[in-house]
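Visitor: kindly return the folded structure for what I paste below:
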Amino acid sequence: MAASVEIRRCPHSQPVMNDNQGSHRFHHPTVWGDFFLGFRPFTPTQCLLMKNKAEVMKEELRTTIVDSRSVDLPQKLELVDTLQQLGLDYHYGKEINDLLCGIHDAGDDASDLHTVALRFYLLRKQGFNVSPDVFLKFIDAK
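Guide: Reported below is the predicted structural model:
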């Protein structure tokens, strides 16, 4: 015995449009225009030029890091922090480590909280032993 099922149509429902029934009229035009439709992949020559330019820029930044030993402490710390935030620090691991070694060996001569905190953070992150006592000079003596 088969059970009979009655299907009723809800009075508020709308019929589903089939893909070939003009559903395209509900899409807004793209803000990009046809830019990506006409995109052509880079040629091997263009890829080679971009790789060479990237290598030149990496070496320029490497030189900047090495030359930053003569600048003041906050600028050194900001440079290392920026490289780490951009995710470029893995390209310059040795140079950054040498720079931080120099900062660690020079001791703590910073007088503002931001520089002391950034020095503490970067050195600890790199594995140097830095005492939290560097912050004691900022505590009020009440």
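
Visitor: look up how far residue 108 lies from residue 83.
Guide: As for residue 83, its distance to residue 108 is 22 Å (criterion: CB to CB, to the nearest Å). Glycine gets a C-beta too; all of them are placed from N, C-alpha and C.

Visitor: er, residue 73 I mean
Guide: The separation that residue 73 has from residue 108, given CB to CB, amounts to 9 Å.

Visitor: overlap in contacts, the two.
Guide: A shared contact of residue 73 and residue 108, defined by CB atoms under 8 Å, 6 or more residues apart in numbering, is any residue touching both; here these are residue 119.

Visitor: identify the residues contacting stretch 98-115?
Guide: 65, 68-69, 73-74, 76-77, 80, 116, 119, 122-123, 126, 128, 130, 134-135, 138.

Visitor: what's the residue closest to the geometric middle of the chain?
Guide: Against the mean C-alpha coordinate of the chain, by CA atoms, centre = their mean, the closest residue is residue 86 at 4.3 Å.

Visitor: local confidence estimate at it?
Guide: As predicted, residue 86 sits at a pLDDT of 96.

Visitor: with just CA atoms, put stretch 57-66 into PDB.
Guide: In PDB, the C-alpha atoms belonging to stretch 57-66 read as follows (Å, rounded to 0.1, in the frame of the first residue of the first chain):
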ATOM      1  CA  MET A  57      66.000  45.300  -3.300                       C
ATOM      2  CA  LYS A  58      66.800  42.600  -0.800                       C
ATOM      3  CA  GLU A  59      70.500  43.500  -1.000                       C
ATOM      4  CA  GLU A  60      69.700  47.200  -0.500                       C
ATOM      5  CA  LEU A  61      67.700  46.300   2.600                       C
ATOM      6  CA  ARG A  62      70.500  44.100   3.800                       C
ATOM      7  CA  THR A  63      72.900  47.000   3.500                       C
ATOM      8  CA  THR A  64      70.400  49.300   5.300                       C
ATOM      9  CA  ILE A  65      70.300  46.800   8.200                       C
ATOM     10  CA  VAL A  66      74.100  46.600   8.400                       C
END
